[in-house]
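1. Just to be clear, the model below is a prediction. Sequence and coordinates:
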Amino acid sequence: MVFLMTSTGLLADEPAADCSCLWQGSFTEVADRADLIVVGEVTRTRGNAADFAVEQVLEGPDWHEEIRVWLKARDYCRPDIADFPTTSRWLLALTKIDTLPDDAFDPSTPNLSFGRQGDWQLSNCGGYYLKVTGNTVRGNLIPGTARWDHEPDMNPVLVDLVAHFIAGDVDVATLKRAAEEDPEMRELMLNTRSFLRGQDGLLPDESDTPAIDP
């Protein structure tokens, strides 16, 4: 049985009337297909478009300060604009809109369209977007996460670790381990080790410490 995405986000074995697509995988499996990967905050929404202030570019052109991302309308397999409220922050794996279909714009619904050439679109058919809180992300990040589940029960993972994955410095197994532990505790441990390494000259030498008689 082939599972497809329906407009309601449920699983089905038949194509939906308005949107159907095969699940393409978790973020780690689809990131290399993206034209642009950024961390950004929603500054404004209108119709099915959301403007994002770019905080960090993880892959792709790094000159963008603000981008417009086009979301669900008609039969476009994209997440709903309601899922991206103003001030929410996201890690997005985006595709550039290079060409427009003939019916990209409908004068009767001017605020709902396919998008503008040169802007960006976000797919709902994989882990193309992760919710950012502080310096961590949650979402369909790693293989084994249930299909269509964009809010899985998982420990948050540091954005910097995901950035290192995109850069090829860490592997999927590392991300899996990170998703199973508390990132703040891990960061505290790493910072503590770093601090102690810098204080070697101030710490007493255990060999010089006199033994205490029982």
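-> Perfect, I can see it now.

2. All the helices of the chain, in order from the start?
-> Shown for the chain, the helices assigned by DSSP state H span residues 27-30, 159-167, 172-178, 183-198.

3. rank the ones you listed by mean pLDDT and give me the bottom one.
-> Comparing mean pLDDT across the helices of the chain, the weakest is helix 183-198, with a mean of 59.

4. Report the central residue of this protein.
-> Nearest to the mean C-alpha position of the chain, by Cα atoms, centre = their mean, lies residue 130 at 2.9 Å.

5. For the chain, which element, helix or strand, carries the lowest mean pLDDT?
-> strand 11-12 (a mean of 36; mean pLDDT, DSSP states H and E).

6. Could you pull up the mean pLDDT of stretch 141-152?
-> On average, stretch 141-152 scores 94.

7. any weak-confidence spans in this structure?
-> Within the chain, the segments meeting pLDDT under 70 span 1-18, 107-108, 182-214.

8. Would you state the strands of it in chain order?
-> Taking DSSP state E as the test, the strands found in the chain are 4-5, 11-12, 36-46, 49-59, 66-70, 89-96, 120-121, 129-133, 136-138, 157-158.

9. Please convert these to a markdown table, extending it with distance to residue 79.
-> All C-beta atoms are positioned from the backbone trio N, CA, C, and that covers glycine. Conversion of those to a markdown table gives the following (distance: least, Cβ to Cβ, whole Å):
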| stretch | distance to residue 79 |
| --- | --- |
| strand 4-5 | 11 |
| strand 11-12 | 16 |
| strand 36-46 | 12 |
| strand 49-59 | 10 |
| strand 66-70 | 10 |
| strand 89-96 | 10 |
| strand 120-121 | 11 |
| strand 129-133 | 7 |
| strand 136-138 | 15 |
| strand 157-158 | 20 |
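
10. quick one: which of those strands is nearest residue 22?
-> With Cβ to Cβ as the criterion, residue 22 lies closest to strand 4-5 of the strands of the chain, at 6.5 Å.
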